[in-house]
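>>> Generate coordinates for the sequence data below:
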Amino acid sequence: MWLEWARQLQAIAQTGLAFCQTDYDRQRYLECQQIAAQIVAMHTSLPISQVQDGFSAQPGYATVKVDVRGAVVRDGRILLVQERRDMRWCMPGGWADVGDRPSDMVRREVWEESGLQVEPVKVIGVFDANRGNEPLEFYHAYKIVFLCQITGGQIRASDETLAADFFAFEDLPPLSIERTNPRHLAEVRAHLLDPNRPAAFD
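Down below sits the predicted model:
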C-alpha cells in the first residue's frame, strides 16, 4: 500500500511541476515530491538522494512505462532466459525505447537476450505490471506480451542473461515474477490452444 501511495503522490507532483505557473505552486509540488521520496526511502534501502534523483529524471506529465515480452514457443515448450539480476527466469524482453515500434522492440529484445531471431505474429495480452505481483520499478508500467515465431538465430546467453532455454509449461524453473508470472504464461498457453482467442487486457 505504501508503494501505491508514494507512486500516486509522485505522479501528482511530477505533473504539477510540469504545469504549475507560480512559485507558490512549484514549492507545494516539490514538497509533495519530497514526501513521496521519504516514503520510498523509509521502506527501502535506497538513500533519499538517490530516490530524488530518480524522480528528477522523470520530468513532464506522468505516464506509465511500457515493458515488452516475447512469447516464443517451440515444440510446445516456452523460451525463457535467466536474468543476471536475480538469477531467475522470464520471457525475453524489457523496457520499450522511445522512437521504436513495439514489434521492433520485441524482435530486438528476444535477439539480444536469447540469440534467436523472431517475428511477432500476435498480441497475447496487455497487462498492468504493477498489480497482482511485485512491481517492475517504482513507476507504474504496462506489459505487452507478443506471440513470436522463430525465423533464425541460435540460442545463447547474453550480457543481460546467464542462460536461455525452452521449458515445458508443466516444468518451469523459478520465475522472475515481476517480469513473467504464471498468469502471463497461462495466457500464452491458452492462445496456443485457441489461435482465435482475443488478446487479454486489464
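
>>> which residues does the residue nearest the centre of the chain contact?
Here the mean C-alpha position of the chain is nearest to the C-alpha of D67 (C-alpha atoms, centre = their mean), at a distance of 3.6 Å. Going by C-beta atoms under 8 Å, 6 or more residues apart in numbering, D67 touches G93, G94, W95, A96, A129, L136, A141, Y142, K143, I144, R179. Bear in mind the C-beta positions are built from the backbone N, C-alpha and C, glycine included.

>>> can you pick the most crowded of those residues?
Greatest neighbour count in those, by other C-beta atoms under 10 Å, goes to A129: 27 neighbours.

>>> from the chain's centre, how far out does the worst-scoring helix or strand of the chain on mean pLDDT sit?
Least confident helix or strand, the chain: helix 48-56 with a mean of 81, by mean pLDDT, DSSP states H and E. Counting by C-alpha atoms, centre = their mean, to the nearest Å, helix 48-56 is centred 20 Å from the centre of its parent chain.

>>> and it, what does it pack onto?
helix 2-19, helix 23-43 (3 or more C-beta pairs under 8 Å, 6 or more residues apart in numbering; DSSP states H and E).

>>> As TSV, those with distance to A157 would be great.
Compiled in TSV, the helices and strands packed on helix 48-56 are given as follows (distance: least, C-beta to C-beta, whole Å):
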stretch	distance to A157
helix 2-19	32
helix 23-43	33
